[in-house]
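Student: Sequence and predicted model, in that order:
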Amino acid sequence: MLLRKAANDLVAADATLPTGAAFDTVCFHAQQAVEKSLKALLAVHDVCYPWTHDLVELLQVVTPHRPAVREFAAAIEDLTTYAVTVRYDEAVDPTPSDARAAVEVARQVHCLAGPLWPARALRRRRRPRGTFRPAERYQ
């Protein structure tokens, strides 16, 4: 579920980027894609992930399980601002190059997570009505 949601954020960022506007929205979706991809990496390793938008905190938890993420650490850390601040603070005004860079990092992190999931985990699972368990909501 998290990888599918991250992919949706990438679709939204990719669709908005060519408009030449709303670079804050592009960066927000890129940050969300990275956040969900990092949480998916933790979920595949059966690690409970923190309830946070702080990508630095998520990186600290993910890195021991997926050291390849270190390659993108600096770029990932820069995206944390786009989780909340970019939506409310006019002082944060990403440029077109900021937005393109954010989307590229999001795409790379998403690709790190994807191959770890078995195909059956990526398919939508249907449950009989009334069997939803809240803990599964975030996996």
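Tutor: Perfect, I can see it now. A quick note: this is a predicted structure, and the numbers were derived from the prediction, not measured.

Student: can you pull the contacts of F72?
Tutor: Applying C-beta atoms under 8 Å, 6 or more residues apart in numbering, we find F72 in contact with 105, 108-109. C-beta here means a position set from N, CA and C on the backbone, and glycine is covered the same way.

Student: how much space between it and L17?
Tutor: According to C-beta to C-beta, to the nearest Å, F72 and L17 sit 19 Å apart.

Student: okay, the contacts of F72 in CSV with pLDDT, secondary structure and neighbour count next?
Tutor: Formatted as CSV, the contacts of F72 follow (pLDDT from 0 to 100; DSSP: H, G, I helix; E, B strand; the rest coil; neighbours: other C-beta atoms under 10 Å):
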residue, pLDDT, secondary structure, neighbour count
V105, 96, helix, 20
Q108, 94, helix, 17
V109, 94, helix, 30
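
Student: Could you dump those into CSV and include distance to T52?
Tutor: Below are those laid out as CSV (distance: C-beta to C-beta, whole Å):
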residue, distance to T52
V105, 18
Q108, 21
V109, 16
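
Student: Let me know the closest of those to E57.
Tutor: Closest to E57 out of the contacts of F72 is V109 (15.2 Å), distances taken as C-beta to C-beta.

Student: show me where the chain has helices.
Tutor: 2-16, 23-44, 55-62, 73-79, 85-88, 96-113, 119-122 (DSSP state H).

Student: Check these for me and report the most buried one.
Tutor: For the helices of the chain, the largest average neighbour count (mean count of other C-beta atoms under 10 Å) is found in helix 23-44, namely a mean of 25.

Student: could I have that helix exported to PDB, CA atoms only?
Tutor: Output of helix 23-44 as PDB, limited to C-alpha atoms (Å, rounded to 0.1, in the frame of the first residue of the first chain):
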ATOM      1  CA  PHE A  23       6.500  24.000  -7.700                       C
ATOM      2  CA  ASP A  24       5.700  23.900  -4.000                       C
ATOM      3  CA  THR A  25       3.100  21.200  -4.700                       C
ATOM      4  CA  VAL A  26       5.500  19.300  -6.900                       C
ATOM      5  CA  CYS A  27       8.000  19.300  -4.000                       C
ATOM      6  CA  PHE A  28       5.400  18.300  -1.500                       C
ATOM      7  CA  HIS A  29       4.400  15.300  -3.500                       C
ATOM      8  CA  ALA A  30       8.100  14.400  -4.000                       C
ATOM      9  CA  GLN A  31       8.600  14.600  -0.200                       C
ATOM     10  CA  GLN A  32       5.500  12.400   0.300                       C
ATOM     11  CA  ALA A  33       6.800   9.800  -2.200                       C
ATOM     12  CA  VAL A  34      10.100   9.600  -0.400                       C
ATOM     13  CA  GLU A  35       8.500   9.400   3.100                       C
ATOM     14  CA  LYS A  36       6.200   6.600   2.000                       C
ATOM     15  CA  SER A  37       9.000   4.800   0.200                       C
ATOM     16  CA  LEU A  38      11.200   4.900   3.300                       C
ATOM     17  CA  LYS A  39       8.300   3.600   5.400                       C
ATOM     18  CA  ALA A  40       7.700   0.800   2.900                       C
ATOM     19  CA  LEU A  41      11.400  -0.100   3.200                       C
ATOM     20  CA  LEU A  42      10.900  -0.400   7.000                       C
ATOM     21  CA  ALA A  43       7.700  -2.300   6.600                       C
ATOM     22  CA  VAL A  44       9.300  -4.900   4.300                       C
END
